[in-house]
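> just coords:
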Ligand code: HEM
């Protein structure tokens, strides 16, 4: 009788075990027509540890083993990677009912920012970004970034000719700090001068508030990769929760409505969401998503750009000449005690070496986003060579252009070197012809992603980088404390999240040029 009683328990246990193993992906097999499957040795986790340790190396290893397309198991997901840039079209252009970018973005936004979207939220982002982050209307934001940037850069410098003492700082800390604060103020608004206060007092408040915000932002920034992978230890998880609450409060609608000069972009998104009847606390959370999207890449990118220029004297010389020429042609000059430089959008359009080449080359070397789509229904994926592969509903598909394009020596010879004129034709126009195996490559650099989820801030971000470098070069003399210091390695745990960061800072000094 006893063994009869035990039987259902045993069967139940077995069913749970088999169900568990099924959920862990132990029984998944490659079906005919599917890409090569590599589950890795650890159930459910699969290759995630190696992937996190060094995404670039892992994908190179998989490509050698399996070829241009393969499916790997990563922390409960089966992700198919396409490594052949000629086949990216099928990924980028596929309709949303088959491959969906938003589902993946929302999963991350919820895990990392505690933000839950409602139907229609993305429409607001798209419309508002088209209206405020492009073309003519970018003028306003560019102007606002410019004045905030000068407030951050020049306030502690002095203006008399005799006050040309060197100031020393970490180049990463300095660039990220200055660009973050100016970008934040340009988008989220300034402290308004009170009637009895001078404008200088309001500027001082802007500096103090943005400094505090940057300090907290960097703490979150450092937790970010592990937060996104869901592997933060409890103490740090708690710290992340506290930081989130801090940002939701500082960026809350109530606080923001006391500001002057809020950008049209942030204002319209906020209004649009309020009109949709979205809960206030959720809008506050979304403001942190926007702060993150707009500020986490540009600061690190400006650091790399300035460092590459400082480490490559021929590039620095070419860029400096261009900057001085554009300034001269605008009828302006930098003088001790003179007016601040007014760098307009038109001036920024006249810098082919700076924009079309040095900036693009900088992003090729340091922007490493992982572009992922959810597979919404069973479908066929066609490679450029005509080969077709079956993809399963519920899986994901991804491309990592940093490995498959940015570092392909056939597309970009000597891919690890910074060549400021890589994206420049001999006649000074922008170079767009790049080849692999004798065929023209359409997607030859992809720092902004592509298709429906392509970065809507790319024009503004490019302007920010240009304005930062432009002002640094017209106002200051710059030197590395140790000119022989090597360019630092990048922190590999950030692969997949946008612009890479250095493992250590590089000391530099600067002083007024005139
Ligand atoms: C160097 C600076 C920047 C880099 C390298 C960068 C890169 C990217 C990348 C790779 C994506 C995801 C694309 C995808 O998944 O297909 C993205 C998304 C986004 N970026 Fe940027 N970005 C930068 C600056 C900015 C700035 C300045 C803003 C705002 C003013 C901004 C706003 C956004 C937003 C809102 C999204 C989400 C788009 C969506 O969900 O449709 N970014 N960015």
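Everything's here; your move. Quick caveat: nothing in here was measured; it's all calculated off a predicted structure.
> The stretch 51-200 of the chain: strands as residue ranges?
Using DSSP state E, counting those that start in this stretch, the strands assigned to the stretch 51-200 of the chain run over residues 69-74, 77-82, 99-100, 167-170.
> which one of these lies closest to the ligand?
Across the strands of the stretch 51-200 of the chain, the ligand has its closest neighbour in strand 99-100 (11.7 Å, CB to the nearest ligand atom). All C-beta atoms are positioned from the backbone trio N, CA, C, and that covers glycine.
> Pairing partners for the closest one, with directions?
Using DSSP bridges, the strands paired with strand 99-100 in its sheet are strand 371-375 (antiparallel).
> mind checking pLDDT for residue 199?
The predicted local distance difference test score for residue 199 is 84.
> Just give the nearest non-adjacent residue to it, would you?
Leaving aside its chain neighbours, residue 199 sits nearest to residue 193 (5.1 Å; criterion: CB to CB, 6 or more residues apart in numbering).
> who touches that neighbour in this structure?
Going by CB atoms under 8 Å, 6 or more residues apart in numbering, residue 193 touches 199, 201, 202.
> State which helix of this protein is the longest.
For the chain, the longest helix by residue count, based on DSSP state H, is helix 199-228.
> can you tell me if that helix touches the ligand.
No - Helix 199-228 lies apart from the ligand when judged by CB under 6 Å from any ligand atom; the minimum separation is 13.3 Å.
> List the buried residues in that helix.
Of the residues in helix 199-228, 202-203, 205-207, 209-210, 213-214, 217, 220-221, 223-228 count as buried by neighbour count, 16 or more other CB atoms under 10 Å.
> ok so, going back, how far away is the residue nearest to residue 199 from residue 200?
In this structure, residue 193 lies at 9 Å from residue 200, with CB to CB, to the nearest Å as the measure.
> do the same with residue 93
Taking CB to CB as the criterion, residue 93 is separated from residue 200 by 52 Å.
> what about stretch 270-281, average pLDDT?
Within the predicted structure, the mean pLDDT of stretch 270-281 is 90.
> next one: that stretch to chain centre, how far?
Centroid displacement of stretch 270-281 relative to its chain, using CA atoms, centre = their mean, to the nearest Å, is 26 Å.
> Endpoint to endpoint, it covers what distance?
In stretch 270-281, first residue to last residue: 12 Å (CA to CA, to the nearest Å).
> quick one: it near the ligand?
No - Stretch 270-281 stays clear of the ligand (CB under 6 Å from any ligand atom), getting no nearer than 13.6 Å.
> which SS class is residue 380?
Assigned with DSSP: H, G, I helix; E, B strand; the rest coil, residue 380 falls in the strand class.
> do residue 273 as well
The assignment at residue 273 comes out as helix when based on three-state DSSP.
> In this model residue 124 seems to touch it, though I could be wrong.
Yes - in this structure residue 273 lies within contact range of residue 124 using CB atoms under 8 Å: 6.5 Å.
> who's more crowded, the two?
More neighbours sit around residue 273 than around the other of residue 273 and residue 124, counting by other CB atoms under 10 Å; the figures are 22 against 19.
> Any stretches of the stretch 151-300 of the chain with poor pLDDT?
Counting by pLDDT under 70, the stretch 151-300 of the chain contains low-confidence ranges at 158-163, 195-197.
> interface residues of this structure facing the ligand?
So the chain meets the ligand at 101, 105, 125, 133, 293-294, 297-298, 301, 367, 369, 371, 447-450, 453-457, 460-461, 498-499 (CB under 6 Å from any ligand atom).
> helix or strand for residue 258, which one?
Here residue 258 is covered by no helix or strand, with elements defined by DSSP states H and E.
> Name the nearest residue to it, sequence neighbours excluded.
Computed as CB to CB, 6+ apart, the closest residue to residue 258 that is not its neighbour in sequence is residue 192, at 7.3 Å.
> Tell me the residue of this protein that sits nearest the ligand?
Minimum separation of the chain from the ligand (CB to the nearest ligand atom) falls at residue 457, amounting to 2.1 Å.
> since we're on that residue, how many residues are nearby?
The criterion is other CB under 10 Å. On that basis, residue 457 has 24 neighbouring residues.
> Would you agree it is in contact with residue 132?
No - at 10.0 Å, residue 457 does not count as touching residue 132 under the criterion of CB under 8 Å.
> Quick check: residue 488 touching residue 500?
No - under the criterion of CB under 8 Å, residue 488 lies out of contact with residue 500, with a separation of 10.4 Å.
> which of the two has more neighbours?
A count of neighbours by other CB under 10 Å puts residue 500 above the other of residue 488 and residue 500, at 22 against 15.
> Closest one of the contacts of residue 193 to residue 402?
Using CB to CB, residue 202 is the member of those that sits closest to residue 402, with 41.8 Å.
> could you measure that closest one against residue 152, distance?
The span separating residue 202 from residue 152 equals 14 Å under the rule CB to CB.
> on that earlier part again, adding distance to residue 468 and mean neighbour count, write the strands of the stretch 51-200 of the chain out as JSON lines.
JSON lines is the format used below for the strands of the stretch 51-200 of the chain (distance: least, CB to CB, whole Å; neighbours: other CB atoms under 10 Å):
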{"stretch": "strand 69-74", "distance to residue 468": "36", "mean neighbour count": "23"}
{"stretch": "strand 77-82", "distance to residue 468": "34", "mean neighbour count": "22"}
{"stretch": "strand 99-100", "distance to residue 468": "35", "mean neighbour count": "22"}
{"stretch": "strand 167-170", "distance to residue 468": "14", "mean neighbour count": "14"}
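> could those strands be laid out in JSON lines, adding distance to residue 279?
As requested, these are arranged in JSON lines below (distance: least, CB to CB, whole Å):
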{"stretch": "strand 69-74", "distance to residue 279": "33"}
{"stretch": "strand 77-82", "distance to residue 279": "30"}
{"stretch": "strand 99-100", "distance to residue 279": "24"}
{"stretch": "strand 167-170", "distance to residue 279": "41"}
